[in-house]
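> Following is a predicted model, sequence given first.
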Amino acid sequence: MNKINTKSPQEQFEEQRQMLLKRGKFVEKDCTVSMFGANLYGILVALPFVTAVILAFVFGGNSVRHIVSFSIDLIIFAGILILSIPVHEGLHALFWGLARGSFKGIRFGVVVRALTPFCACAYPFRRIQYLIGLIAPFFVLAIGLCVAACLTGFWALCAAAAANALLAGGDLLIAFRLIFSKGKYFLDHPERCGFVAFIEEKA
């Protein structure tokens, strides 16, 4: 029978951290930001992508712009946006699990003070594994809905795509930091947005 893991996220993080430090000669680098910082800088990072979504809809694809009814379109937009929140976190979990070959250690939660849901993993990643899970919601929800909007000319889909690009701002911020960070392993931080990079020391 499997034992139920009763360790807190911080305890799991510290356990994995110590295992990595014992595994090899690593130097740690904290690559995290506060929830407030992630939300603020995430918006700035996402704005160019939001603009690109809108421009793609306006100038590309289907030349006919569909409006069923403004009130109905708003309801559809709100429905897509509400569904996007759990789907967003589920996509993190799905692609992290597939990339690692295991869903062990993946957890969901809500940062109460910021009313922000999250998905995190207690086990370390290689760079590409971490990156795949980070950007999956952006590509599936923002890019996917943008393509659908361009093909159908339905403005509510464009609005939902732009909103999802904005919601992925924190993920994009972390992804850019990951791409330009040195390290062999990357451990998701349990309390802040981002990760701790483990960089091999040169002999």
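Cool, the structure landed. Numbering: from 1, shown residues only.

> Just the CA trace of the lowest-mean-pLDDT helix or strand in the chain, in CSV.
In the chain, the helix or strand scored least confidently by mean pLDDT, DSSP states H and E is strand 106-111, which has a mean of 83. Output of strand 106-111 as CSV, limited to C-alpha atoms (Å, rounded to 0.1, in the frame of the first residue of the first chain):
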residue,chain,number,x,y,z
ILE,A,106,2.2,17.6,-9.1
ARG,A,107,-0.2,19.6,-6.9
PHE,A,108,-2.8,22.3,-7.3
GLY,A,109,-3.7,25.1,-4.9
VAL,A,110,-4.8,28.7,-4.6
VAL,A,111,-2.8,31.6,-3.2
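
> What mean pLDDT does the next helix or strand after that strand get?
Where DSSP states H and E defines the elements, the next helix or strand beyond strand 106-111 is strand 116-121. Taken as a whole, strand 116-121 has an average pLDDT of 86.

> Check which helices and strands strand 116-121 is in contact with.
helix 70-100, strand 106-111 (3 or more Cβ pairs under 8 Å, 6 or more residues apart in numbering; DSSP states H and E). Any C-beta I mention is one placed from the backbone N, CA and C, and that applies to glycine too.

> Redo these as JSON lines? Include mean neighbour count.
Output for the helices and strands packed on strand 116-121, formatted as JSON lines (neighbours: other Cβ atoms under 10 Å):
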{"stretch": "helix 70-100", "mean neighbour count": "16"}
{"stretch": "strand 106-111", "mean neighbour count": "14"}
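
> can I get the ones you listed in a markdown table with distance to residue 168?
A markdown table is the format used below for those (distance: least, Cβ to Cβ, whole Å):
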| stretch | distance to residue 168 |
| --- | --- |
| helix 70-100 | 7 |
| strand 106-111 | 17 |
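
> do you know which of these lies nearest residue 147?
Closest of the helices and strands packed on strand 116-121 to residue 147 is helix 70-100, at 14.4 Å (criterion: Cβ to Cβ).

> Quick check: mean pLDDT of the closest one?
93.

> And for stretch 51-66?
In the prediction, stretch 51-66 has an average pLDDT of 79.

> Counting neighbours, what do you get for the closest residue to residue 99 other than its chain neighbours?
In this structure, residue 99 finds its nearest non-sequential neighbour in residue 129, 4.0 Å apart by Cβ to Cβ, 6 or more residues apart in numbering. Residues near residue 129, counting by other Cβ atoms under 10 Å, number 20.

> Could you verify my assumption that residue 26 touches residue 198?
Yes. Using Cβ atoms under 8 Å, residue 26 is in contact with residue 198, at 4.2 Å.

> Show me the contact partners of the least confident helix or strand of the chain.
9, 35, 89, 93, 96-97, 116-122 (Cβ atoms under 8 Å, 6 or more residues apart in numbering).
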